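J.: here is my input, please return the structure:
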Amino acid sequence: MTTPVDGERRHLLNLAYRLLGSLAEAEDAVQETYVRWYALSPARRDAISSPGAWLTTVAGRICLDVLGSARARRERYVGEWLPEPVPDQADSVADRITLDESVTMAFLVTLEAMTPAQRVALVLHDVFGYAFTEVAAITGRTPAACRELASSARRRVRAARPATTATGHAEVIRDFKQAWEAGDIDALVALLDPAATLTADGGGVVRAALTPIEGGEPVARYVAALAAGGLTLVERAVNGLPGLLLQRGDDLAAVYAFDVADGRITRIWAMRNPEKLRPWTTSR
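T.: Model prediction:
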């Protein structure tokens, strides 16, 4: 039987995904939140005036703990760690994630460079509109400290210049796809910012560049070499913005997300780790 608190599940998943950058970890955090809720006695649950606020507070604290331990795990990660991309098909397992500018790959990557407390303060206040008194209850800090955390996080966001809107983005990605399929390195270079970077995440499970590839021409030559391996490119939205799927036969080889500025691609994120491609393979 569905209860009123079950209606909070989508909100909690959206919050946890933005905080953790991983759909799998977000699902685990939400599940743990409900485990703690149902572990309360009926009398204690009845005494909670706002179950939704209680669930959000607990989920936020769980995510904060996960972020703290994730730093150590990611230091042992093979190669670069990237947030887990999500598709936007209505029938996918990720259909519960609301796609907006707060889930673009550029924004999530920017969040990764923040401290756990900065990330929680920014997401809770700026994205979900929680007051700093509520953020303080989750982080265990004062409202003033949370305000400063969010302010410093905002400065990081501005400095990183996260992804632009989809306007003009799709045309650039389509042109890039055509140049890639044609193996036209000159056309690829023309579509890439001279300082463009490509970051791949193979997780040590599949082959991928262990460090970012820097410079428009090196990136162009790298992707052109991949096309020679018999890959098929498919246009699909990735975290709400136009991206590309790389398929080898019927198998998904990678999901590519892009950052575009002034008509040129500035950053490319290539997800190759099959564990992070689960939402894509189960929705196809």
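J.: show me what the host helix or strand of residue 133 is packed up against.
T.: Counting by DSSP states H and E, the element that carries residue 133 is helix 132-139. Applying 3 or more Cβ pairs under 8 Å, 6 or more residues apart in numbering; DSSP states H and E, we find helix 132-139 packed against helix 51-75, helix 116-122, helix 143-160. (C-beta placed from N, C-alpha, C; glycine too.)
J.: what's near enough to touch residue 37?
T.: Going by Cβ atoms under 8 Å, 6 or more residues apart in numbering, residue 37 touches 5, 45, 51, 54-55, 58.
J.: name the SS class of it, please.
T.: helix (DSSP: H, G, I helix; E, B strand; the rest coil).
J.: and the gap between it and residue 148?
T.: 32 Å (Cβ to Cβ, to the nearest Å).
J.: what of residue 174?
T.: 43 Å.
J.: next one: residue 252
T.: 43 Å.
J.: could you do residue 86 as well?
T.: Residue 86 is 31 Å from residue 148, by Cβ to Cβ.
J.: these two: which is more packed in?
T.: Taking neighbours as other Cβ atoms under 10 Å, residue 86 and residue 148 compare with residue 86 leading, 26 against 15.
J.: who's in contact with that one?
T.: Taking Cβ under 8 Å, 6+ apart, one finds 17, 23, 92, 94, 97, 99, 103, 238-239, 279 in contact with residue 86.
J.: which of these has the weakest pLDDT?
T.: pLDDT across the contacts of residue 86 is lowest for residue 94, at 50.
J.: where does the stretch 51-200 of the chain dip in pLDDT?
T.: By pLDDT under 70, the weakly predicted segments of the stretch 51-200 of the chain are 89-96, 161-167.
J.: what's the spacing between the residue of the chain most remote from its centre and residue 8?
T.: Largest separation from the mean C-alpha position in the chain: residue 43, at 38.5 Å (Cα atoms, centre = their mean). Distance of residue 43 to residue 8, given as Cβ to Cβ: 21 Å.
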